[in-house]
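Enquirer: got a predicted structure plus its sequence, pasted below:
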Amino acid sequence: MMAKRLFDLFWSILGLIVLSPLFLAVAVWIKLDSPGPVFFRQVRVGRFEKPFRIYKFRTMVADAENKGLPLTAGKDPRITRSGAFLRRTKIDELPQLINVVKGEMSLVGPRPEVPKYVAYYPDEAKKIVFSLRPGITDYAAILFRNESEVLEGRVDPEGTYIKRILPEKIDLYLRYARERTLWLDFRLIMGTIFSSNQWWF
């Protein structure tokens, strides 16, 4: 665990330094594109089921959480023009490096869920999943990189997420918990960067 934490700190701090010009450019674009803050902060459930606020670049209109579901499906009208690009390229996820530095997240680990959907986790799975720091990426993040497209056109997108997608994600979180090593973390990071699952093998 100490080696993983040092791995996370080194690469997240380096990433924040190297990506700082990109962060500035994205911040300006977001402010010019729509009124509201640059960052979107949302309560997620972290290690030991402790809540924390996750950082993302804002990709939706201000106060979007009060204007619809906590998940998005397809071309959600709440998504801004800049937000569509940031979501497609996953650049909106990069501010989570701040959460990693703060110790709330890891570069790789089960994706942090909103409290509403954590209620659907089986008790045994909860014990294992929440013994780990949540991550920016993992098996599920790669497999479901186009999750909103899967939900697009569904009569009940939230029901589809709870009954179909969430159980698959939980299985993948448990798989990571069983197999985790720094080498696997590296491969999952590469798989995320290159949008490929070939790095797993």
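Expert: Great, that's in hand.

Enquirer: from here on, just use CA atoms for contacts and neighbour counts.
Expert: Noted.

Enquirer: helices and strands of the chain: which one bottoms out on pLDDT?
Expert: helix 147-151 (a mean of 81; mean pLDDT, DSSP states H and E).

Enquirer: and the contacts of that helix?
Expert: 72, 73, 74, 157, 160, 161 (C-alpha atoms under 8 Å, 6 or more residues apart in numbering).

Enquirer: tell me the secondary structure for residue 136?
Expert: The assignment at residue 136 comes out as strand when based on DSSP: H, G, I helix; E, B strand; the rest coil.

Enquirer: could you check the pLDDT of the closest residue in space to it that isn't next to it in sequence?
Expert: Leaving aside its sequence neighbours, residue 136 sits nearest to residue 107 (C-alpha to C-alpha, 6 or more residues apart in numbering; 5.1 Å). We have a pLDDT of 98 for residue 107.

Enquirer: residues contacting residue 107?
Expert: Residue 107 sits in contact with 8, 12, 97, 100, 135, 136, 137, 185, 189, where contact means C-alpha under 8 Å, 6+ apart.

Enquirer: wait, which of those residues is closest to residue 28?
Expert: Nearest to residue 28 out of the contacts of residue 107 is residue 97 (C-alpha to C-alpha; 19.3 Å).

Enquirer: and the contacts of residue 107, which two are furthest apart?
Expert: Going by C-alpha to C-alpha, the pair spanning the contacts of residue 107 furthest: 97 and 185, at 15.1 Å.

Enquirer: residue 14 should be in a helix, yeah?
Expert: Yes: with three-state DSSP as the criterion, residue 14 is located in a helix.

Enquirer: and the gap between it and residue 97?
Expert: 10 Å (C-alpha to C-alpha, to the nearest Å).

Enquirer: tell me where the protein has strands.
Expert: Counting by DSSP state E, the chain has these strands, from start to end: 39-45, 51-57, 106-108, 135-137.

Enquirer: which of those is buried the deepest?
Expert: strand 106-108 (a mean of 27; mean count of other C-alpha atoms under 10 Å).
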